[in-house]
Structures are given as structure tokens and as C-alpha cells.
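I'll drop the sequence and a predicted model, then ask my questions.
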Amino acid sequence: MKKIALKKVLSKFNLLPIIEQINFRRQKWQNRRSNYEFKKKNPTVKLPPDFYLYETFNLNYDKFYTNGKPTATWLINHISEFKDFKNLSILDWGCGTGRILRHLPSILDTSNSFYGSDYNKKYVKWCSENLEGIQFKNNYLKPPLAFKDDSMDIIYGISIFTHLSKELHFSWIHELTRVLKNGGILFLTTHGDAHTFKLLQKEQVLYDSGNLIVHAYKKEGNRLYASYQSPKFFRALCSKNNLEVLKHIPGDNLNNKPQQDVWVLRLTKN
Ligand SMILES: C[S@@+](CC[C@H](N)C(=O)[O-])C[C@H]1O[C@@H](n2cnc3c(N)ncnc32)[C@H](O)[C@@H]1O
């Protein structure tokens, strides 16, 4: 049976939470040695509860923490072509457990200010209690953000639109442009062509003609709710919201490990 059909059946009979628990335990078991070694070598590194890691990324402490730093540097390098990282307000929208954001204060200089926002209250609580030099806020699944108009120079959202419906694509992109300053940079990732092997043939046709495709096995915002943004769809969304595409880097699909597309956008306010 195709994975997509299997997921539909599991979702229909409300079996996904059980499968989630099984997958969580399996990941915990598979990573037990590496996680034990990591804790032994890095006793002072603050780690979120295992289930939070599983839900937002991967239950592997080394991948989460050690690889989080080069990912933060990768993000900065993309944006620094367009912004000098001095006196900037930077927001991680959908910060999860701070995988990337926690590293920014140690990479960038102290003239910058750092903010994180997520709709999951548990993650925001953990981040607020454990990560220093960053202000964290809660938002709801739907806008608004708890930030004023024109208050951010940079907003990034890694793997957030990938879990939202069409309606929320429209309302969130609008909200992000409210909070972003004129000339501000928006850095987003999407499920582009590298992920289309997960689509049914009829969905592929719709995707190719510029539609958003949604696989909803859970409420949106959750990682079991996946949406696929054809570049045509995403470009149109940006253009309607005065966002100029500075960079679009399609993700690769190496060894069946598809990467997300990267979008670096600049806002022009009238
Ligand atoms: C796949 S995780 C990625 C977390 C983080 N960006 C990272 O790269 O490690 C998706 C995150 O988006 C958050 N999220 C989903 N919908 C959201 C929304 N409408 N507003 C804010 N956060 C949202 C989830 O709670 C989760 O933390």
C-alpha cells in the first residue's frame, strides 16, 4: 500500500497517535548510544524534553545541538548578502525548541536583538526558561504575532509554511509583512519539487499548474499536516504581498532525503 493511502487509513481510525508513540520510542532507542555519548561529553548543554525534539526535528542530541550551529551560520550567510548584521531585530517565527535561534546570540554581535515565537506553548515555555539573550512570545495558529508593525528587520521561518493550509498561507504572509520593516528580509523554506515524489499523480498535475497541495492527517501546524508549495504558487503569493524574490534555491533530493526549498525575500512597503 502506498504511504499516503496507509496514512489516510491510520488517520481515519484515529491510530496516528499510537503510531507517533511507536515512532518516538523507536527513534529514542535507535539514538540511545549517540545521545548518551552526547550528554556525557556536553553535561552543561540544555536539551529540551525528548518528545519535543522528536516533534520538531529529530531525537538526536548531536544533530539538534552540534548541527544547529552550522545551520544558523548557513542562514546568516544567505541573509548577509543583503543586510549588515548590526543593530537588527531578528525574529524566528515557529522557533520550536530554539534549534537555530539559540546559537544566534553567540554568532552575531550584541547590537542585534533576538526574538522567537511559536504557537506551541510548551516549546515557548521551555525556551523562555532555558535559553538566554532571547525574548520568546506565544502566538496562536492564526495571526497575529505579538509584535508591533514595522518592528523586525529580519524574520525567518524554517519549515512552518510546510504545515499550513492555503487560508493560513494568505493570512500569515500578510502578517509577516505587517511586522517586517520596509526593506526587511524574510527567509522561508517550503516543500518544493524535491518533495513531489510524495504526491499522487493527480496532485502532481495540480501542483505543476501552480496550486498548493495539502496532506492533512492532523490539525494544521502539526508535522503530520504537510503542504507542498509549487514555486509557481509561492512566487504568486510573494508578489501579491510586495515581496521581491532575491533568491530561490530549490532543494535537492539526495538518497531519498529531500531538502526544502529556500526563499530569501525583500519587502517593499508603499
Ligand atoms: C518542523 S518544526 C520546525 C521548528 C524550527 N523552525 C526548526 O527548524 O527547528 C515546525 C514548528 O512550527 C511551529 N508552528 C506551526 N504552525 C505555526 C504557527 N501558525 N505559528 C507559529 N509556529 C507554528 C510548530 O509548533 C513547530 O515548532
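Received, thanks.

how close does Ile160 get to the ligand?
Using CB to the nearest ligand atom, to the nearest Å, Ile160 is found at 5 Å from the ligand. For the C-beta atoms, the positions are set from N, CA and C on the backbone; glycine is no exception.

Leu188: what secondary structure?
strand (DSSP: H, G, I helix; E, B strand; the rest coil).

across the sheet, point out what pairs with it.
Gly157, Trp263 (DSSP bridges).

how close does it sit to Glu203?
22 Å (CB to CB, to the nearest Å).

neighbour count for those two, which is higher?
Leu188 (27 against 17; other CB atoms under 10 Å).

now do that one, the pLDDT please.
Confidence at Leu188, expressed as pLDDT, is 98.

same question, Asn222
Taking Asn222 on its own, its pLDDT is 76.

tell me how many other residues crowd it.
16.

wait, it touches Leu164, no?
No - Asn222 lies out of contact with Leu164 (CB atoms under 8 Å); the separation is 10.4 Å.

up against the ligand, what does the stretch 51-200 of the chain have?
56-57, 93-96, 99-100, 118-120, 123, 139, 141, 158-160, 163 (CB under 6 Å from any ligand atom).

isn't Pro258 up against Thr189?
No - the criterion here is CB under 8 Å, and Pro258 misses it with Thr189 at 11.6 Å.

quick check: neighbours shared by the two?
Shared contacts of Pro258 and Thr189, defined by CB atoms under 8 Å, 6 or more residues apart in numbering, are absent.

pairing partners for Leu267 in the sheet, please.
Leu243.

renumber starting at 274 from here on
Noted, 274 is the first residue going forward, which turns the last one into Leu540.

distance of it relative to Ser444?
Distance from Leu540 to Ser444, by CB to CB: 16 Å.

so between the two, which is more surrounded?
Leu540 (20 against 14).

hey, where'd the helices end up in this protein?
For the chain, the helices defined by DSSP state H occupy 276-285, 289-303, 305-314, 323-329, 334, 341-353, 377-380, 394-403, 439-452, 474-481, 504-513.

so for stretch 407-426, what gets flagged as buried?
407, 409, 412, 418, 420, 424-426 (16 or more other CB atoms under 10 Å).

should've said stretch 514-521
So stretch 514-521, judged by 16+ other CB under 10 Å, has buried residues 516, 519, 521.

got the residues you listed as TSV, with pLDDT and distance to the ligand columns?
Below are those laid out as TSV (pLDDT from 0 to 100; distance: CB to the nearest ligand atom, whole Å):
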residue	pLDDT	distance to the ligand
Leu516	98	18
Leu519	98	21
His521	98	19
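
quick one on the thing from earlier: and the buried residues of stretch 407-426, which is closest to Lys342?
Among those, Ile407 lies closest to Lys342 (CB to CB), at 15.1 Å.

wouldn't the closest one be in contact with Leu381 here?
No - using CB under 8 Å, Ile407 is not in contact with Leu381; the gap is 11.6 Å.

count the residues that sit near Phe470.
Residues near Phe470, counting by other CB under 10 Å: 10.

and it, how far from Tyr498?
19 Å.

ok, Leu381 next?
33 Å.

same check on His436?
For His436, the distance to Tyr498 - CB to CB - is 5 Å.

what about Lys542, neighbour count?
Neighbours around Lys542, by other CB under 10 Å: 13.

which residues of the stretch 274-423 of the chain score low on pLDDT?
274-278, 282-283, 286 (pLDDT under 70).

and what of the stretch 424-543 of the chain?
Using pLDDT under 70, the stretch 424-543 of the chain drops low at 490.

now with 90, please.
489-498, 527-530, 543 (pLDDT under 90).

among the helices of the chain, which is nearest Leu527?
Short answer: helix 341-353, nearest of the helices of the chain by CB to CB, at 16.3 Å.

tell me which other helices or strands the closest one touches.
helix 377-380, strand 425-430, strand 453-463, strand 534-540 (3 or more CB pairs under 8 Å, 6 or more residues apart in numbering; DSSP states H and E).

what sits up against the longest one?
I take that to be strand 453-463. 348, 351-352, 355-356, 423-435, 449-450, 502, 507, 516, 519, 533-542.

compute the inter-axis angle for it and strand 425-430.
Relative orientation of strand 453-463 versus strand 425-430 (axes from the mean of the first three to the mean of the last three CA atoms, to 10 degrees): 20 degrees.
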